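1. Return a 3D structure for these sequence lines:
(one chain, ligands or ions: 2)
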Amino acid sequence: MRTSVIGFPRIGRNRELKFASEKYFKGEISEKELLATADTIKKENLLSQKEAGITYISSNDFSFYDNVLDTAVLFNVIPKRYRELKLSPLDTYFAMARGYQGENGNVKALAMKKWFNTNYHYLVPEIDDDTKIELVGKKPLEDFEAASRIGVNTKTAITGPFTFLKLTRFTGAKTAVDFADALINAYVKLLKELEKKGEGLIEFDEPGLVTDLTTGDIDLFKKIYTAILENKGSVKVLLQTYFGDIRDIYDEVIRLDFDAIGLDFVEGVKTQELVKSFPKGKVLFAGLVNGKNIWKNDYSKTLATLNGLKADEIVLGTSCSLLHVPYTLEGETGLENDCKAHFSFALEKLSELTELGELFGTDFEKDERFIKNKVLHAGRKNFEDSAVRAAVAAIKPEDYERLPKFEEREKIQKEKFNLPLFPTTTIGSFPQTADVRKNRLEFKKGLRSKEEYTEYNKTKIRECIRLQEEIGLDVIVHGEFERNDMVEYFGENLSGFLFTRNAWVQSYGTRCVKPAIIWGDVARKKPITVEWSKFAKSCTDKPVKGMLTGPVTILNWSFPREDISIKESTLQIALAIRDEVLDLEKNGISVIQIDEAALREKLPLRKADWYSEYLDWAIPAFRLVHSKVRPETQIHTHMCYSEFTDIIPAIDAMDADVITFEASRSDLLILDALRENNFKTEVGPGVYDIHSPRVPSVDEIVTALTKMREKIEDRKLWVNPDCGLKTRGEEETVKSLKNLVAAAKIIRGQA
Ligand code: GLN
Ligand code: ZN
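-> Ligands and ions are numbered 1, 2, ... in the order given. Now for the predicted structure:
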């Protein structure tokens, strides 16, 4: 059986691309050196796949930053402000990705958005009425040729025209339909050029098809592909979809002249049902090896599915690009072999594909490789905790409800805390300066004793609190100096989590994340944050906010289990964090923030599934964490974005007392939506952007607050930055916070 890979991680085995790019940005290496690193990575990726025996290997899956951006640049979708910088093509590309500030001008980057239901982010192409779409680049052609030169015959993978138009922002009067013809021509031209170079198969990636589609979308899709397919010449065309099923458009898709159709059997809940009517004469690319999670494939399940498929020709493939899993398990010496045996990263998934391909159609039940896989799956050990199972089973409906109701709590808390109008606070972390990181790192390496480490952090906490008092903030934080990462820190103190050395996954551009692995049932081993918060409280008379990461975020930023549902896992984590909440309360911490930075991460792609598949359990899971606290204990939550206009009732139903979120970069439309929905929770829309070192002026903050006051009642408005301050420098932080407090005072005078 033939096999196919949609895409391979391009950050390199040891994040070589990240480090080379960052050096290039700093001017430490030349363009030529950066290109050389890229070539090495591309070559290694291609050869690994070839050696593993993969039949259909992609070229053009590599990107210096993002494939959607690559496609935009390829087709001349380059806004004028970047052209006017008059930079080299590569630097124009990076200016679009990262913004540019220098001799040639000053422009912001293109907007960046979450790539479907992943933690990867793409750059949003921008088209205005004057944009002239045409094929101007050569990247797919060059990558195809480079692969041929080293003896790898690839399929060219490219963002498909439909998804491209769906993701584009149209800034003028014209819309997607107006650009369809030009885009069709550009893609056809690319096809022709590829044909000339000897390409036999082109893969159009169309994840846009797994979302809710309107009849307009369906018409647009048909128009585009009817035209492209009429001109495909001798090149075969694969329509590749992923991240779900294509129920809205399957019937149209199978009627078009595609040679092959790629479908996702892992996330596509309806895919099996749909392919019952798979057309004759076309090849089915069956995405059965999970491109998003790190568990070893269950061969008996996969082979059973394959056996049930009725298509003339089947190619076994990944469910999506392997971009979303780490590079390789090799070197993960910190993982116990018993655990490691259950995982498969990108490189290991290649062997799974070929093994499965070889087993299919044979008497595999007797094959050693099949038996080994079966034994492995049946024999997973040390992951169950009966006490945890019992605790989850014992959750009662009332455990999800905090009493008394919000309005009553609000009164009680106003009286208890007696905070001024427009209370000021921060989101939790303070600058993680070099000394803070050094203290933590040396402690981890055993170069510093626990006592030394703790003493150092206590000094930092004391200083941080003194500083906040001096600045005049109303609700104080301890600064989070002990934390590396908001999930890893908690995971390390919970049973059921595993951590890797090098399992990096690209989040955007040069940014990578190293998700934890949820191996088994989760319970809190011992109090996690209590000592730090207690100490902080002893340093001041002002209210100190305890800082926790919420269960949905911990789950969403980890590789989840596949043997139980993510709902079940989240409830386990929720109970563990609840223990921490109650311990904090017992120790006199009366304000507790439970961050849900990644709440939106796994929101289903189809609106109809938002509540039934996700919010209906994710929001209660959050409530479970805080429902048992006393009425006077104030629960805060924080989200890193303001994109929740469409789920405001769900956010309100988290039933926190206060929510802070990013708002400084958005157009404040969220405020209208809060008002329209009678949002009850008190709110702190960030008054300045912490992602930039710029110090906001008092005036600027006053203006922001004045706008907010038009939409939010004075008694419900908090004043805070839009996220944690850990990535900022000390000097700019102090200045910014002083201005923030000054602005709050001015506004108080006007109320
Ligand atoms: N409390 C965390 C901090 O301040 C929140 C981080 C986040 O929202 N990503 O760093
Ligand atoms: Zn944040």
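2. element containing the closest residue in space to Ile41 that isn't next to it in sequence?
-> Leaving out its chain neighbours, the residue that sits closest to Ile41 by CB to CB, 6 or more residues apart in numbering is Gly12, at 4.6 Å. Placement of C-beta: from N, CA and C, glycine included. Of the helices and strands defined by DSSP states H and E, none includes Gly12.
3. Run a quick neighbour tally on Gly12.
-> By the criterion of other CB atoms under 10 Å, Gly12 has 20 neighbours.
4. quick one: it from Lys396, how far?
-> 50 Å (CB to CB, to the nearest Å).
5. repeat for Met112
-> 42 Å.
6. How far does the host helix or strand of Glu407 sit from its chain's centre?
-> Using DSSP H and E, Glu407 falls within helix 406-417. Offset of helix 406-417 from its chain centre (CA atoms, centre = their mean, to the nearest Å): 36 Å.
7. cool, stretch 120-130 as well?
-> 19 Å.
8. quick one: average confidence on it?
-> On average, the pLDDT along stretch 120-130 is 96.
9. which residues are contacting that stretch?
-> 65-69, 71-72, 77, 79-80, 96-97, 109-115, 133, 164, 167-174, 179, 323-324, 505-508 (CB atoms under 8 Å, 6 or more residues apart in numbering).
10. try it again with 6 Å
-> Stretch 120-130 is contacted by residues 66, 68-69, 72, 77, 79, 97, 110-115, 168-174, 508 when judged by CB atoms under 6 Å, 6 or more residues apart in numbering.
11. Tell me where the stretch 351-500 of the chain has helices.
-> When assigned using DSSP state H, counting those that start in this stretch, the helices of the stretch 351-500 of the chain occupy the ranges 368-378, 386-393, 406-417, 434-444, 450-471, 488-491.
12. how far is the second one from where the chain is centred?
-> Here the centre of helix 386-393 is set off from its chain's centre by 30 Å, with CA atoms, centre = their mean.
13. Dihedrals phi and psi, Gly262?
-> Backbone torsions for Gly262, taken as degrees, to the nearest 10, come to phi -100, psi 120.
14. Correct me if wrong: it contacts Phe285.
-> Yes: using CB atoms under 6 Å, Gly262 is in contact with Phe285, at 3.6 Å.
15. picking up where we left off before, of the contacts of stretch 120-130, which count as buried by neighbour count?
-> Buried by 16 or more other CB atoms under 10 Å: 66, 68-69, 72, 77, 79, 97, 110, 112, 114-115, 168, 170, 508, out of those.
16. low-scoring stretches of the stretch 601-750 of the chain, by residue?
-> Within the stretch 601-750 of the chain, the ranges that satisfy pLDDT under 70 run 664-667.
17. Could you pick out the residues of it near ligand 1 for me?
-> With CB under 6 Å from any ligand atom as the criterion, the stretch 601-750 of the chain comes near ligand 1 at residues 638, 640, 723-724, 726.
18. between the residues you listed, which is nearest Lys450?
-> Using CB to CB, Lys726 comes nearest to Lys450 of these, at 22.6 Å.
19. Please report the distance of that closest one from Glu601.
-> From Lys726 across to Glu601, the span is 20 Å (CB to CB).
20. likewise Asp66?
-> Asp66 sits at a distance of 18 Å from Glu601 (criterion: CB to CB).
21. same deal with Leu717?
-> 28 Å.
22. So these two - more neighbours on which side?
-> Set Leu717 next to Glu601 and count neighbours by other CB under 10 Å: Leu717 wins out with 21 against 18.
23. What values do phi and psi take at that one?
-> phi -100, psi 130.
24. How about the contacts made by it?
-> Counting by CB under 6 Å, 6+ apart, Leu717 has contacts Phe422.
25. Roughly how far does the residue in the chain that ligand 1 sits nearest to sit from Leu403?
-> Ligand 1 sits closest to Gly724 of the chain, with a gap of 2.1 Å, by CB to the nearest ligand atom. Using CB to CB, one gets 31 Å for the distance from Gly724 to Leu403.
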